[in-house]
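Enquirer: Just need the structure, nothing else, for what follows:
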Amino acid sequence: MATPNLDGRSSAIVKKVGPVHGEDIYDHTARWPDVYFPAIRLLWLKENHPAEYDAVNHILMVNEYFIYKLTGRMCSEWTNAAETLLFETGKLAWSKKMMSLLCLEHLQMNDLVAPGDVVEKLSPEIAAKLGLKQVPVVAAVSDTQAATLGSGMINLGDVVAVNGSTTPVMMVEDHFRMDPKRRIWVDPYLRGLWLLESNCLQSGMVHRKLMDHLTDLIRMIPGQERFDRGDLYKLLEKLEDKTDGVISYFGSRRFHVSRREVRRCEISFPNEQTNVFAAILPSCVENLAFAIASNIT
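Expert: I've put the predicted structure just below:
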């Protein structure tokens with residue numbers, strides 16, 4: 001069974017687990033239960049497809065699955081293990097309490113390795129298939145940590161906003177420090193370093209959706225049926241890049257892991273002369289900029 005981040009089928013499980021066990025789970029994992037964590041997805045599988053659930057004995061993140069296929073070894077690297085909801089983040093160890101709490105004691109947990117560790121060499125069979133020597137295979141960090149590292153943020157107090165589908169805001173720490181108000185995540189990073197992680201949530205996904213809607217709108221004009229995203233970017237470059245008083249809210253906000261808020265979209269403009277078409281994307285970016293500033297503070 002393979003699932004992407006956007007698979008939200010376990011949302012009903014979250015509604016059951018969060019109110020009862022959320023605080024206990026957070027205090028051990030530095031995560032609030034949500035739909036994208038493998039432990040929660042397993043509970044959904046147990047409830048909806050018990051035969052398939054009974055056959056599961058291992059959890060692997062995507063990069064760990066690659067390592068398994070390349071070397072034959074099942075292992076879990078710290079930053080990825082922290083995303084399972086079965087990892088005691090502050091101790092960098094699997095949590096027997098979480099496995100018991102979520103009734104997942106039957107799982108065979110993988111060996112833990114540190115970020116950047118050489119796991120094994122390529123298996124002889126895979127090396128032959130790829131036409132390579134038996135080169136070493138290294139355990140990579142998860143996506144947000146990789147983006148933070150790629151930005152050069154390795155010093156205490158460094159802050160980076162990773163603008164992707166969502167916008168995580170990361171700060172480098174030299175020790176594990178839990179948020180007493182249970183608002184943000186705490187992540188393993190490199191050896192001896194940790195990350196405090198907040199998130200502005202909807203950003204890149206909203207941008208893509210707005211661009212798609214604007215493109216579809218223009219395609220409705222006779223003669224513009226082949227108008228595409230590239231044409232839209234060229235058109236927007238000709239317009240003044242300013243909000244012109246337009247205020248929008250498309251989901252970017254201050255992070256709070258345990259607060260379940262209804263997502264809404266709002267836009268207001270000051271007068272009838274405002275060119276909403278020209279201002280909507282700059283106002284969306286402005287919304288994100290304020291959200292980043294709020295999550296940093």
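Enquirer: Could you give the backbone dihedrals for W194?
Expert: Backbone dihedrals for W194, given as degrees, to the nearest 10, come out at phi -130, psi 170.
Enquirer: cool, E77 as well?
Expert: phi -90, psi 150.
Enquirer: Find the nearest non-adjacent residue to it, please.
Expert: Nearest residue to E77, sequence neighbours excluded (CB to CB, 6 or more residues apart in numbering): A139, at 4.0 Å. Every residue, glycine included, has its C-beta placed from N, CA and C.
Enquirer: show me the contacts for that neighbour.
Expert: A139 sits next to N63, E64, I67, C75, E77, V113, A114, P115, G116, D117, V118, V119 when contact means CB atoms under 8 Å, 6 or more residues apart in numbering.
Enquirer: Kindly list the longest helix within the chain.
Expert: helix 276-296 (DSSP state H).
Enquirer: Check the offset of it from the chain's centre.
Expert: From the chain centre to the centre of helix 276-296 is a distance of 20 Å (CA atoms, centre = their mean, to the nearest Å).
Enquirer: Counting by contacts, list what that helix packs against.
Expert: Judged by 3 or more CB pairs under 8 Å, 6 or more residues apart in numbering; DSSP states H and E, helix 276-296 is in contact with strand 166-173, strand 194-202, helix 204-219, strand 247-249, strand 266-268.
Enquirer: hmm, who's touching the second one?
Expert: Outside strand 194-202, the residues that touch it by CB under 8 Å, 6+ apart are 144-145, 148, 161, 166-177, 179, 183-189, 250-255, 263, 288, 291-292, 295-296.
Enquirer: can you do 6 Å?
Expert: Strand 194-202 has contacts (CB atoms under 6 Å, 6 or more residues apart in numbering) with 166-171, 173, 176, 184-185, 187, 189, 251-252, 255, 291-292, 295.
Enquirer: Return the members of these classed as buried.
Expert: 166-171, 173, 184-185, 187, 189, 251-252, 255, 291-292, 295 (16 or more other CB atoms under 10 Å).
Enquirer: And stretch 253-270, end to end?
Expert: Stretch 253-270 has an end-to-end distance of 22 Å (criterion: CA to CA, to the nearest Å).
Enquirer: swap that for stretch 129-146, please
Expert: Stretch 129-146: ends 28 Å apart by CA to CA.
Enquirer: what does stretch 89-104 give?
Expert: Termini of stretch 89-104 sit 18 Å apart (CA to CA).
Enquirer: Could you pull up the mean pLDDT of it?
Expert: Across stretch 89-104, the average pLDDT comes to 96.
Enquirer: So L85 sits against D34, correct?
Expert: No. Under the criterion of CB atoms under 6 Å, L85 makes no contact with D34, lying 8.6 Å away.
Enquirer: Please say which of the two ends up with more neighbours.
Expert: L85 (28 against 19; other CB atoms under 10 Å).
Enquirer: what about P4, how many neighbours?
Expert: Residues near P4, counting by other CB under 10 Å, number 7.
Enquirer: List the contacts of L70.
Expert: L122, I126, V137.
Enquirer: Now do stretch 116-126: everything it contacts.
Expert: So stretch 116-126 is contacted by I67, L70, T71, G72, R73, C75, Q134, V135, P136, V137, V138, A139 (CB under 6 Å, 6+ apart).
Enquirer: any idea which of these has the most stuff around it?
Expert: Counting neighbours by other CB under 10 Å, the top entry in the contacts of stretch 116-126 is I67, with 25 neighbours.
Enquirer: which ones are touching that residue?
Expert: V119, V137.
Enquirer: Kindly confirm my reading that it is in a helix.
Expert: Yes. Judged by DSSP: H, G, I helix; E, B strand; the rest coil, I67 forms part of a helix.
Enquirer: any low-confidence regions in the stretch 151-297 of the chain?
Expert: Low-confidence segments of the stretch 151-297 of the chain, defined by pLDDT under 70: 240-241, 260-263.
Enquirer: Helices of the stretch 1-150 of the chain, residue ranges please.
Expert: Using DSSP state H, counting those that start in this stretch, the helices of the stretch 1-150 of the chain run over 11-29, 38-48, 50-54, 62-71, 78-81, 96-101, 124-130, 143-150.
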